[in-house]
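Novice: The following block contains a protein sequence and its predicted model.
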Amino acid sequence: MSFYLLLIGLVIAHLLADFYWQPMSWVHDRITRHFRASKLYLHVLMHSLVSALVVTLWEYHYGWGDWLNIALATVVIAITHYFIDIAKSYSNKGVLPFVLDQCAHFIVILMVAVWLADNHDFYYQLLHQLIALDSLIVLTGYLLVLNPSSVFIRMALERITNGFATSGSIPAAGHSIGILERVLMLTFILIGEYAGVGFLLAAKSIFRFGDLRASEEKQLTEYVMLGTLLSVTVTLFIGLTINFLTAQ
């Protein structure tokens with residue numbers, strides 16, 4: 001219990017300092033000036049103070065009050081946050097650098113929480129869950145609904161529609177929408193919320209209704225319907241297979 005309390009406290013501190021108490025001017029300063037950005041040091045100082053407050057409250061709540069641990073944890077979080085943010089400032093803007101940046105911060109927070117709480121069994125439990133058969137089956141399912149399913153659906157549509165292609169769309173938008181659609185559907189299936197699949201399809205139909213109604217091409221309507229139904233069929237098959245295998 002104490003471990004998760006500390007972990008959640010440090011995560012909340014990180015989220016507040018990174019996304020709520022960091023003005024965009026500080027972000028732009030770091031991106032343009034890198035390690036010479038004065039705002040970067042203010043940002044790291046803020047992270048240090050908030051993290052130190054969380055660790056101090058946690059230490060005293062459980063009656064330990066170890067000042068050395070508080071100081072070491074604060075220094076570790078401050079130094080790693082500085083270098084992670086510096087590395088991100090030299091990267092290209094985009095989703096991947098952002099995700100990697102946040103993952104690096106959360107890994108540091110997790111390691112600090114495990115060390116302070118002396119909960120080294122957490123690593124064993126985490127590794128055990130990651131290599132468990134059910135976890136590997138679910139991971140395989142999510143990998144299948146991403147690019148392999150996209151390739152299969154695209155090939156099936158090309159064969160059925162004789163190479164018909166939509167025009168006036170954002171490049172790769174259909175591919176991205178399809179991936180998100182299948183990931184959400186698979187998630188709903190795995191947690192047993194089949195109504196969520198119906199809600200997702202209904203929402204998609206509402207948004208596409210205007211485009212299809214305004215279109216004079218019957219082929220476009222058929223193309224969208226085929227793509228959607230293929231996507232649903234593939235995802236249902238994968239999801240139901242996972243549920244069957246994990247229930248054994």
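Specialist: Looks like it arrived, so ask away.
Novice: Please name every helix or strand in contact with the helix or strand that contains L72.
Specialist: Counting by DSSP states H and E, the element that carries L72 is helix 67-89. Helix 67-89 is packed against helix 24-33, helix 38-61, helix 95-117, with contacts defined by 3 or more C-beta pairs under 8 Å, 6 or more residues apart in numbering; DSSP states H and E. All C-beta spots, glycine's among them, are computed from the backbone N, C-alpha and C.
Novice: How about residues contacting the last one?
Specialist: By that I understand helix 95-117. 2-3, 6-7, 10-11, 14, 18, 55, 58-59, 69, 73, 76-77, 80-81, 84-85, 87-88, 91, 119-120, 122-123 (C-beta atoms under 8 Å, 6 or more residues apart in numbering).
Novice: What's the first helix or strand after it?
Specialist: helix 121-130.
Novice: Packing partners of that following helix?
Specialist: Against helix 121-130 (3+ C-beta pairs under 8 Å, 6+ apart) you get no helix or strand.
Novice: List the buried residues in the helix or strand following it.
Specialist: Sequence order places helix 133-145 as the next helix or strand after helix 121-130, per DSSP H and E. For helix 133-145, the neighbour count (16 or more other C-beta atoms under 10 Å) marks 137-138, 141, 144-145 as buried.
Novice: want to throw the residues you listed into a markdown table with distance to F106?
Specialist: Shown next, in a markdown table, are the buried residues of helix 133-145 (distance: C-beta to C-beta, whole Å):
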| residue | distance to F106 |
| --- | --- |
| I137 | 25 |
| V138 | 21 |
| G141 | 24 |
| L144 | 27 |
| V145 | 25 |
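Novice: rewinding a little: tell me which of the helices and strands packed on helix 67-89 lies nearest to M225.
Specialist: helix 95-117 (30.2 Å; C-beta to C-beta).
Novice: No further questions, thank you.
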